[in-house]
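# One predicted model, sequence on top.
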Amino acid sequence: MTIRAGLVGLGKIARDQHLPAIAKTGGIDLVAVASRNARGEGVNNYPDLDAMLAGEPDMDAVILCQPPQVRYQAARQAILAGKHVFLEKPPGATVSEVEALIALARAQGVTLYASWHSRYAAAVAQAKAWVAERTIRHIDIQWREDVRHWHPGQPWIWEAGGFGVFDPGINALSILTEIVPEPVTMLSASLEVPENRDAPIGAALSMATASGATVEAVFDWRQTGPQTWDIAVETANGSLLLSEGGNMLRLDGEIQIKAPDEEYPAMYRRFVGLVEDRAIDADIAPLRLVADAFLCGRHCPTTAFED
């Protein structure tokens, strides 16, 4: 069976990642796009999800790439229509939204997939196996990038529910919660919010593993030049560095893996398998840490930001 899929929200992430990944993945075909301002090539085009669901009764799955503020209602509508749902990260604006979608998908017997793409970076699986055999002492995360490059002309990212710097930062938290074999809790957070925005441009987090290892993270959207996506793990028996967003692994300073980014094709292969089994894969651990950061965070106003 080949999954007939429709994509909602034809923005930068859809064009850069989703369309190429679908094209190279067996078992899934893109048959429709719903977008207010863009058109997909070689597929049926609709102005919104309502029209797409009405016009494509044989469609099997819906891929949601709109801003997180509107993702819950769209996912709920698609699930109630009997469609399998692929959620771009973050899977929702709140933890309770995603929990409600999980319950609804289970009741409807359809697949729900929260796609934490950074977990599919080339070196993450080996890093997870290495960490599992050691006692963690400390983890340091540095996730710094240029918002003007990655989110040009996207005002929703700065609005309530748009996550601000946690939009990329949650990628680091998705890797953290994947490679650490025990729960991670939030201790404190300092959030830098521009005076003309509703979401942070920077954040410093203090966390801990269940057994007491310290975890410090710095997220910053003001990086220029080379971007920094590093997770360093110090253990009782050596050190690990995941860099390039999880595509390069160093153990005790020696490179073990350096591979190109193939995260989205890997996610679509996973989605095809989930649909075959009508299974749910929607871990909320990274989203819960972001929610905790906002809940216990100290807001530090900073200067206005102009895109």
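Happy to help now that I have it.
# buried residues in stretch 214-234?
Neighbour counts over stretch 214-234 (16 or more other Cβ atoms under 10 Å) mark V215, A217, V218, F219, D220, W221, W229, D230, I231, A232, V233, E234 as buried. Yep, even glycine has a C-beta here, placed from its N, CA and C like the rest.
# should've said stretch 69-87
Buried, per 16+ other Cβ under 10 Å, within stretch 69-87: 69-72, 74-79, 81, 83-87.
# Ok, stretch 138-147 next?
Of the residues in stretch 138-147, those buried by neighbour count under the rule 16+ other Cβ under 10 Å are I139, I141, Q142, W143, R144, E145, V147.
# Now do the helix or strand where A54 lies: distance to the chain's middle.
Assigned by DSSP states H and E, A54 belongs to helix 49-55. Centroid separation for helix 49-55 versus its chain: 26 Å, with Cα atoms, centre = their mean, to the nearest Å.
# in that helix, what's buried?
Quick answer for helix 49-55 (16+ other Cβ under 10 Å): L49, M52, L53.
# what is the rounded mean pLDDT of the next helix or strand after that helix?
Where DSSP H and E defines the elements, the next helix or strand beyond helix 49-55 is strand 61-64. What strand 61-64 shows for mean pLDDT is 98.
# mind listing what strand 61-64 pairs with, with the direction of each?
Applying DSSP bridges, strand 61-64 is found paired with strand 3-8 (parallel), strand 84-87 (parallel).
# For the helix or strand just after the last one, give me every contacting residue.
For strand 84-87, the following helix or strand on the C-terminal side (DSSP H and E) is helix 95-108. With contacts defined as Cβ atoms under 8 Å, 6 or more residues apart in numbering, helix 95-108 is touched by 71-72, 75-76, 79-80, 82, 85, 87, 91-92, 111-112, 114, 280, 282, 284, 287-288, 291.
# So what's the gap between helix 95-108 and the chain middle?
On Cα atoms, centre = their mean, the centre of helix 95-108 falls 18 Å from that of its chain.
# Dump the C-alpha coordinates for the helix holding A54 into PDB.
The C-alpha coordinates for helix 49-55 follow below in PDB (Å, rounded to 0.1, in the frame of the first residue of the first chain):
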ATOM      1  CA  LEU A  49      -7.500  21.900   5.100                       C
ATOM      2  CA  ASP A  50     -11.300  22.000   4.900                       C
ATOM      3  CA  ALA A  51     -11.200  22.100   1.100                       C
ATOM      4  CA  MET A  52      -8.400  19.500   0.900                       C
ATOM      5  CA  LEU A  53     -10.300  17.000   3.000                       C
ATOM      6  CA  ALA A  54     -13.500  17.600   0.900                       C
ATOM      7  CA  GLY A  55     -11.600  17.300  -2.400                       C
END
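# list the contacts for M267?
A21, Y113, S115, H117, Y120.
# Roughly how far does A74 sit from D261?
Noted for A74: a distance of 27 Å to D261, by Cβ to Cβ, to the nearest Å.
# repeat for P286
P286 is 19 Å from D261, by Cβ to Cβ.
# so is A127 in a helix, a strand, or just coil?
For A127, the assignment made with DSSP: H, G, I helix; E, B strand; the rest coil gives helix.
# Give the bridge partners for R222, please.
Under DSSP bridges, the beta-bridge partners of R222 are D146.
# contacting residues around it?
Counting by Cβ under 8 Å, 6+ apart, R222 makes contact with R144, D146, V147, I201, G202.
# For the contacts of M267, work out which two are farthest apart.
A21 and Y113 (13.3 Å; Cβ to Cβ).
# For those two, indicate the residue with more neighbours.
Under the neighbour definition other Cβ atoms under 10 Å, A21 and Y113 were set side by side, and Y113 has more, 24 against 20.
# The more buried one: which element?
strand 112-114.
# Average pLDDT for that strand, rounded please.
The model assigns strand 112-114 a mean pLDDT of 98.
# for that strand, packing partners?
Contacts defined by 3 or more Cβ pairs under 8 Å, 6 or more residues apart in numbering; DSSP states H and E place strand 112-114 against strand 84-87, helix 95-108, helix 263-277, strand 280-281.
# now with 6 Å?
Contact here means 3 or more Cβ pairs under 6 Å, 6 or more residues apart in numbering; DSSP states H and E; on that basis strand 112-114 packs against strand 84-87.
# Dump the buried residues of stretch 138-147 to JSON lines, plus distance to F163, secondary structure and pLDDT.
Below are these laid out as JSON lines (distance: Cβ to Cβ, whole Å; DSSP: H, G, I helix; E, B strand; the rest coil; pLDDT from 0 to 100):
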{"residue": "I139", "distance to F163": "22", "secondary structure": "strand", "pLDDT": "98"}
{"residue": "I141", "distance to F163": "16", "secondary structure": "strand", "pLDDT": "98"}
{"residue": "Q142", "distance to F163": "19", "secondary structure": "strand", "pLDDT": "98"}
{"residue": "W143", "distance to F163": "13", "secondary structure": "strand", "pLDDT": "98"}
{"residue": "R144", "distance to F163": "16", "secondary structure": "strand", "pLDDT": "97"}
{"residue": "E145", "distance to F163": "14", "secondary structure": "coil", "pLDDT": "95"}
{"residue": "V147", "distance to F163": "12", "secondary structure": "helix", "pLDDT": "92"}
